[in-house]
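K.L.:
Turn this into a structure:
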Amino acid sequence: MFFKYLVLSAIALLVSAARIPGPEERIVGGHHIPIEYVPWQVSLLIKMAHDCGGVIHSERVILTAAHCLIDVQIEDLSVRAGSSHWSKGGQMVKVLKAISHPKFDYVMKTNDVAVLILESPLKFSAYVQKIALAEETPEGGTMSLVSGWGDTRYGAGFAWPILQGVHVAVLDATSCKKKYSEDIICADADGRDICKGDSGGPLVSLPDRKLIGIVSYGGCGNGHPGGYADVAYFRNWFKKTINENI
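P.N.:
The predicted structure is shown next:
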């Protein structure tokens, strides 16, 4: 019954979000999504090429995944905001500072969050907006939207040129945290998932549109739920880090 409810809910959400057109399979099992529907989404570029996603917290602050910054030189980092294409349009701004969580563990995929400080502020518009952070870990069954330019299938090996979005449901938080880590939430839907290149991007609750997760790792549709850094868990660290670096 839950699966039937999940499918019906996802269909209803797609119908209500009339700006999400087309049946083409993307992200993994997703659809093209205009940037004005997710104006908090940015592309994190390394030497002008898409590497990860990011989330607008304020005019000069972007949140992303710590593993996106491994072996990356600060002078090579920039973000593109306000465009459905990672390679053109919108606003492109250089990154001034990149601060990963001090307890980030690549092997265990824990504390996989980072704060980016931009050299100059973004100009807010219908295509560029900040998003509020969740105050509590979402309950199981919460419908949500994840977006990104990542692979459309496992091993595809290139960033999709146009932004994609997919609806997924948050799984039971207690069982997820027990199986993986206290700072992780899981989300999944049949045939719909995050993949390489979506890392650092936003998981947003619906219909209230709060940032509940940051993409950490995905199953690329292989039957394992996607793992997201729990924004509510890291809320205080985000606040402290931003205040110390801006």
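
K.L.:
Is residue 55 in contact with residue 212, as I believe?
P.N.:
No - Residue 55 lies out of contact with residue 212 (C-beta atoms under 8 Å); the separation is 11.0 Å. Placement of C-beta: from N, CA and C, glycine included.

K.L.:
Domains in the chain, by residue range?
P.N.:
By the assignment in automatic domain parsing, the chain contains the domains 2-9+22-35+131-232, 39-130+234-245.

K.L.:
Could you dump these into a markdown table and include mean neighbour count and mean pLDDT?
P.N.:
What follows is those, written out as a markdown table (neighbours: other C-beta atoms under 10 Å; pLDDT from 0 to 100):
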| stretch | mean neighbour count | mean pLDDT |
| --- | --- | --- |
| domain 2-9+22-35+131-232 | 20 | 80 |
| domain 39-130+234-245 | 18 | 97 |
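
K.L.:
most centrally placed residue in the protein?
P.N.:
The chain has residue 201 as the residue nearest its centroid, 1.8 Å off, counting by C-alpha atoms, centre = their mean.

K.L.:
Please state the backbone phi and psi of it?
P.N.:
Backbone torsions of residue 201, given as degrees, to the nearest 10, read phi -80, psi 180.

K.L.:
Not counting sequence-adjacent ones, nearest residue to it?
P.N.:
Nearest non-adjacent residue to residue 201, counting by C-beta to C-beta, 6 or more residues apart in numbering: residue 53, 2.8 Å away.

K.L.:
gap between that neighbour and residue 42?
P.N.:
Going from residue 53 to residue 42 by C-beta to C-beta, to the nearest Å gives 7 Å.
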